[in-house]
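Colleague: Provided below for reference: sequence and predicted model.
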Amino acid sequence: NIRLKKAHQYMLDPYRNDDAFQADRQNKDWQKEIRDDFAGWLNRQLRGKDKQFTPQTEHTKQWKKLLEQPLREHIEQIEQERKLRAGEMG
């Protein structure tokens, strides 16, 4: 029983041998949820126990923007690898 959010599963298990999972992974905008979760996590880390940092809306937007391109490139690389693997199997 997997307890990760679906979006996190899509990112962490891109080679899962499950047609329904792969179809959902291709058709859903799970990357936005990853960026949102990352921004929330980073804000909590920066806020810390001493509460010296108070994240503002602009901080959250910046964290999402910082992750957008690297995440897109990672996904493109994964998709190329998946196509290569499918070609080897087919």
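Modeller: Perfect, I can see it now. This one's a predicted model, so the numbers in the text were calculated from it and none came from an experiment.

Colleague: which residue is nearest the middle of the protein?
Modeller: Among the residues of the chain, the one closest to the centroid is Ile34, at 3.7 Å (Cα atoms, centre = their mean).

Colleague: so what's that residue up against?
Modeller: Each residue near Ile34 by Cβ atoms under 8 Å, 6 or more residues apart in numbering is listed here: 7-8, 11, 67, 71. Where you see a C-beta, it was placed from the backbone N, CA and C, and this is true even at glycine.

Colleague: what do you get if the cut-off is 10 Å, keeping everything else the same?
Modeller: Residues near Ile34 by Cβ atoms under 10 Å, 6 or more residues apart in numbering: 5, 7-8, 10-12, 64, 67-68, 71, 75.

Colleague: let's see if you can find the most crowded of the residues you listed.
Modeller: In terms of neighbours by other Cβ atoms under 10 Å, those top out with Tyr10 at 23 neighbours.

Colleague: is that one in contact with Asp24, as I believe?
Modeller: Yes. In this structure, Tyr10 is within contact of Asp24 by Cβ atoms under 10 Å, at 7.5 Å.

Colleague: need the overlap of contacts for those two.
Modeller: Trp30.

Colleague: distance from the lowest-mean-pLDDT helix or strand in the chain to the middle of the chain?
Modeller: Ranking every helix and strand in the chain by mean pLDDT, DSSP states H and E puts helix 57-89 at the bottom, with a mean of 92. On the basis of Cα atoms, centre = their mean, to the nearest Å, helix 57-89 sits 8 Å off its chain's mean C-alpha point.
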